[in-house]
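1. Quick one, structure for this:
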Amino acid sequence: MKRFLHILPLLLIVAGCQIPEVLQVDFDTFEVTEVKTSALFLDDGSLNPDVRLMEEPNLPDELPTKVARTDVATIARNMLDQINSNRIIQYAGIFSGHDVDGVTPLRQSGKLLLPETGPIKNLVLVSHYTIGSNEEAPSMCFPMEGMLAAKGYAVVIADYIGYGITANRIHPYMHTRSTSQSVVDMALAVKPFLDHIGRVPEDKEVILMGYSQGGSTTMAVMKMLQEEYRDIFPIKRVFAGGGPYDLAATFDYSMEIDKTGIPCAIPMIVQGVNDGESLGLNMEDFFKGNLLEHYKEWINTKKYTVNEINKMIGSRYLHDIMTELGRDKTSGETARLYKALLKNSVLNFRPLAPVYMFHSREDQTVPFINAIQAENYYKLNDIRFNFGDYGQHAMGCIRFIVLVYNML
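-> Here you go, the predicted model:
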């Protein structure tokens with residue numbers, strides 16, 4: 001029961017937020033094309049599947065019991081009579097962005113969430129965590145981070161290339177330049193749209209937030225804004241949680257213990273970095289067994305969630321799913337991948353705004369070595385570190401969002 005106490009504030013938020021409508025909009029032309037309604041809870045009392053909650057990896061060995069969606073929904077429903085209702089408007093829309101090369105134009109998609117009435121405090125640019133199926137893309141569901149709109153913020157969440165209207169593409173997973181560019185491109189598109197509808201934020205400074213893959217991407221967004229968009233998007237605060245900030249250190253640690261807490265990340269990283277950096281790697285040099293035979297179906301079709309992919313892969317042990325050469329960073333092809341991992345780590349700049357970094361020491365999905373590396377690199381900067389025993393990765397995510405909500 002103690003595990004639930006720290007998530008109750010978030011459940012109060014979830015329970016109180018009504019989801020009255022999703023508006024389909026072209027952020028470039030301001031044209032609203034469709035309106036539909038949805039409720040937080042379905043007629044049978046279950047939590048609407050549109051509300052996306054991070055799930056703990058669910059494999060047969062060494063993994064703790066996850067917090068069930070039904071438990072979260074039950075607690076939330078029990079809190080309904082204790083809070084005031086908040087109404088949030090969702091805009092699922094498309095915008096003009098950039099392809100992986102950073103130059104070629106590419107139409108992308110994402111979600112903007114606003115309080116129905118009242119002033120807007122700031123833009124909150126959210127970088128979303130690892131997903132598998134396209135149904136989990138922000139434009140296709142209600143992202144949990146969208147609850148921040150209930151406090152008067154404009155929450156902007158891009159889909160990343162490979163999801164939403166670009167679901168036919170390989171997602172450049174952990175390719176920091178392209179994922180951060182998607183976040184910034186959507187912010188650039190949303191800015192004039194908010195002006196058009198008369199909801200301009202009172203404060204020009206933006207807030208950055210992300211957990212897991214989104215934690216790393218958030219730091220990459222911070223770097224991009226500092227270097228290229230400082231006058232357009234000055235940064236107020238940054239919240240980064242549970243992120244793989246040092247990909248090379250994560251590779252080394254995983255190879256040393258011969259296992260991973262998120263098996264689907266193996267093909268996603270190899271494919272994603274290969275695509276983002278145009279390395280031309282052969283997947284047969286890295287994958288073996290069922291993974292080699294089925295990775296295109298499991299990963300690239302975007303039909304399956306992270307948990308479903310993990311179950312189909314069937315093992316957390318790297319020797320079961322990766323070739324010997326793929327696990328050896330000194331071999332030719334893997335050495336090229338390792339060099340790209342070094343390039344796409346985000347411990348390569350100095351933050352100019354306050355940063356709050358969160359990580360659970362118990363996290364098996366994104367190893368705690370990432371937090372140690374970040375603390376060592378950023379120790380001379382204006383960064384507050386919160387590293388504690390906060391449970392596994394998904395529980396850490398809930399705790400992180402609660403903390404951010406309370407700090408804003």
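2. Please point out which parts of the longest helix along the chain sit buried.
-> As assigned by DSSP state H, the longest helix anywhere in the chain is helix 176-196. The neighbour-count check on helix 176-196 (16 or more other Cβ atoms under 10 Å) flags 176-191, 193-194 as buried. In short, each C-beta sits where N, CA and C put it, glycine included.
3. in the stretch 51-200 of the chain, what spans have low per-residue confidence?
-> Counting by pLDDT under 70, the stretch 51-200 of the chain contains low-confidence ranges at 51-86.
4. Check which strands are paired with the helix or strand that the longest helix of the chain is followed by and give the direction for each one.
-> Sequence-wise, the next helix or strand downstream of helix 176-196 (DSSP states H and E) is strand 206-211. Its sheet considered, strand 206-211 pairs with strand 123-127 (parallel), strand 235-241 (parallel) by DSSP bridges.
5. The strand ranked longest in the chain - contacts with which helices or strands?
-> Secondary structure of the chain per DSSP state E: the longest strand is strand 86-98. Counting contacts by 3 or more Cβ pairs under 8 Å, 6 or more residues apart in numbering; DSSP states H and E, strand 86-98 is packed against strand 17-26, strand 105-115, helix 176-196.
6. tell me the angle of the last one relative to strand 206-211?
-> Using axes from the mean of the first three to the mean of the last three Cα atoms, to 10 degrees, one finds that helix 176-196 and strand 206-211 are set 130 degrees apart in direction.
7. tell me the SS of residue 353?
-> At residue 353 the chain is in coil, as set by DSSP: H, G, I helix; E, B strand; the rest coil.
8. any idea what sits nearest it, other than its immediate chain neighbours?
-> residue 235 (4.0 Å; Cβ to Cβ, 6 or more residues apart in numbering).
9. just residue 254 next, same as before
-> Nearest non-adjacent residue to residue 254 (Cβ to Cβ, 6+ apart): residue 260, at 5.2 Å.
10. Verify the contact between the one you found and residue 319 for me.
-> No - assessed by Cβ atoms under 8 Å, residue 260 is found out of contact with residue 319, at 11.4 Å.
11. Let me know the pLDDT of residue 5.
-> Per-residue confidence (pLDDT) for residue 5: 50.
12. mind giving me a markdown table with the helices and strands packed on strand 86-98 and columns for distance to residue 308?
-> Output for the helices and strands packed on strand 86-98, formatted as a markdown table (distance: least, Cβ to Cβ, whole Å):
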| stretch | distance to residue 308 |
| --- | --- |
| strand 17-26 | 25 |
| strand 105-115 | 23 |
| helix 176-196 | 22 |
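13. wait, which of these is closest to residue 225?
-> Closest to residue 225 of these, according to Cβ to Cβ: helix 176-196, at 6.8 Å.
14. The closest one - contacts with which helices or strands?
-> Using 3+ Cβ pairs under 8 Å, 6+ apart: helix 176-196 touches strand 86-98, strand 105-115, strand 123-127, strand 154-158, helix 213-228.
15. okay, these in TSV with mean neighbour count next?
-> Shown next, in TSV, are the helices and strands packed on helix 176-196 (neighbours: other Cβ atoms under 10 Å):
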stretch	mean neighbour count
strand 86-98	21
strand 105-115	23
strand 123-127	28
strand 154-158	28
helix 213-228	24
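16. Compile the ones you listed into a markdown table and extend it with columns for distance to residue 202.
-> Shown next, in a markdown table, are the helices and strands packed on helix 176-196 (distance: least, Cβ to Cβ, whole Å):
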| stretch | distance to residue 202 |
| --- | --- |
| strand 86-98 | 18 |
| strand 105-115 | 13 |
| strand 123-127 | 11 |
| strand 154-158 | 11 |
| helix 213-228 | 19 |
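17. so which of the ones you listed gets nearest residue 400?
-> helix 213-228 (8.6 Å).
18. Pull up the per-residue confidence for residue 295.
-> So residue 295 comes in at 97 (pLDDT).
19. which ones are touching the residue lying closest to residue 286 once chain neighbours are set aside?
-> Excluding the flanking residues, the one nearest residue 286 by Cβ to Cβ, 6+ apart is residue 326, at 3.7 Å. Each residue near residue 326 by Cβ atoms under 8 Å, 6 or more residues apart in numbering is listed here: 270, 285, 286, 287, 288, 333, 334.
20. Was I right to think the second one contacts residue 323?
-> Yes - Residue 285 sits in contact with residue 323 when judged by Cβ under 8 Å, with a separation of 6.4 Å.
21. Wasn't residue 268 part of a strand?
-> No - using three-state DSSP, the secondary structure at residue 268 is helix, not a strand.
22. Measure how buried it is and give me the count.
-> By other Cβ atoms under 10 Å, 26 other residues sit near residue 268.
23. Any idea what the residue nearest to residue 353 is bridged to?
-> residue 206.
24. Tell me if I'm right that it and residue 226 touch.
-> Yes - using Cβ under 8 Å, residue 235 makes contact with residue 226 at a distance of 7.2 Å.
25. Need the overlap of contacts for these two.
-> Common neighbours of residue 235 and residue 226 (Cβ under 8 Å, 6+ apart) are residue 352.
26. May I ask which helix or strand encompasses residue 394?
-> Using DSSP H and E, residue 394 falls in helix 393-407.
27. With residue 341 instead?
-> helix 332-343.
28. for that helix, packing partners?
-> helix 247-257, helix 265-277.
29. The longest one to helix 332-343, inter-axis angle?
-> With the same axes, to 10 degrees as the basis, helix 265-277 and helix 332-343 are set at 80 degrees to each other.
30. orientation of helix 265-277 relative to helix 213-228 in degrees?
-> 20 degrees.
31. Enumerate residues external to helix 265-277 that contact any of its residues.
-> 100, 130, 170-175, 177-178, 247, 260, 279-281, 283, 286-287, 291, 295, 298-300, 318, 321-322, 326, 337, 340-341, 343-344.
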